[in-house]
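> quick one, structure for this:
(one chain, ligands or ions: 1)
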Amino acid sequence: MIIALLYIFKFDYLWGANKQQFEMKRLFLMPVVAGAVFFAACGGNQTKEQSSTESTESAAPTEQAPAADIPGLDTVAVSNDLTLNANDLMTFDRKLFRVKAGQSVKLTLHNVGEMPKESMGHNVVVLAPGTDLPAFGGEAIKAVDTEYIPVTFGSSIVAHTKLLGPGETDVIEFTLDEKGVYPFVCSFPGHYGVMQGKIVAE
Ligand SMILES: [Cu+2]
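Got it, this is the predicted structure:
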């Protein structure tokens, strides 16, 4: 009994002491932490500015060597005969192609799904390098009359297939004259975010 009381008393005393120490440490540390946060914020901004300057500067050389920083590119064979399968899970089976620039490209799209065209239609729209995809997607949703091919982005659209329902296939031919990275998307509403990839012309 006495031991238990002593133990509790001791514990209470120690806890009190620790709490006091903790409070003191906290008071002491507050300005240090605030200073560190302020410094980090300034440092962070500086780095951001630097990197944005760098990316602007490196924009021009990127055109000459467009493909260097695309992961997995070296595992893709160069071919101008492309096949893409689109399914009910809103996915393309390929995300990356390599083609020869200046030569005709044949692209075959199969919709291998079973869902109705109205809820799970698919197409392929090949876009000019650097096209703003979210802006394109936003316009595509509104282009109901043209099966989600926005005329407002006409100058950015290199080629596109028809919108395909289940089991349908479309084949298109086009030429990518300039070397570069051409994004492709499905422009059916809500699909471009996941149904997209790149064609590297080299
Ligand atoms: Cu789609």
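
> verify the stated contact: residue 166 with residue 113.
Yes - shown here, residue 166 and residue 113 form a contact pair, counting by Cβ atoms under 8 Å, at 5.2 Å. The way it works is simple: take the backbone N, C-alpha and C, and place the C-beta from them, glycine included.

> who touches both of those two?
Here residue 166 and residue 113 share the contacting residues residue 120, scored by Cβ atoms under 8 Å, 6 or more residues apart in numbering.

> wait, isn't residue 90 in contact with residue 121?
No - assessed by Cβ under 8 Å, residue 90 is found out of contact with residue 121, at 10.9 Å.

> the two: who's more crowded?
When neighbours are counted by other Cβ atoms under 10 Å, residue 121 comes out ahead of the other of residue 90 and residue 121, with 24 against 17.

> thinking that one is in contact with residue 189, fair?
No - applying Cβ under 8 Å as the test, residue 121 and residue 189 come out as separate, 9.2 Å apart.

> pLDDT score for residue 21?
With respect to pLDDT, residue 21 has a value of 45.

> again, but for the one 10 residues further on
With respect to pLDDT, residue 31 has a value of 41.

> can we start the residue count at 21 from this point?
That works, and once the first residue is 21, the last one we named lands at residue 51.

> pLDDT weak spots in this protein?
21-88 (pLDDT under 70).

> packing partners of the host helix or strand of residue 128?
Following DSSP states H and E, one finds residue 128 within strand 124-131. Applying 3 or more Cβ pairs under 8 Å, 6 or more residues apart in numbering; DSSP states H and E, one finds that strand 124-131 contacts strand 101-106, strand 189-195.

> which one of those strands lies nearest to the ion?
Proximity to the ion, assessed across those by Cβ to the ion, is greatest for strand 101-106 (5.6 Å).

> what's the helix or strand just after the closest one packed up against?
Using DSSP H and E, the next helix or strand after strand 101-106 towards the C-terminus is strand 116-119. Under the contact criterion of 3+ Cβ pairs under 8 Å, 6+ apart, strand 116-119 touches strand 216-221.

> angle of the strand it packs on against strand 189-195?
40 degrees (axes from the mean of the first three to the mean of the last three Cα atoms, to 10 degrees).

> so what secondary structure elements neighbour strand 216-221?
Where contact means 3+ Cβ pairs under 8 Å, 6+ apart, strand 216-221 is packed against strand 116-119, strand 200-205.

> can you redo these as JSON lines with distance to the ion and mean neighbour count?
Converted to JSON lines, these look like this (distance: least, Cβ to the ion, whole Å; neighbours: other Cβ atoms under 10 Å):
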{"stretch": "strand 116-119", "distance to the ion": "17", "mean neighbour count": "20"}
{"stretch": "strand 200-205", "distance to the ion": "9", "mean neighbour count": "23"}
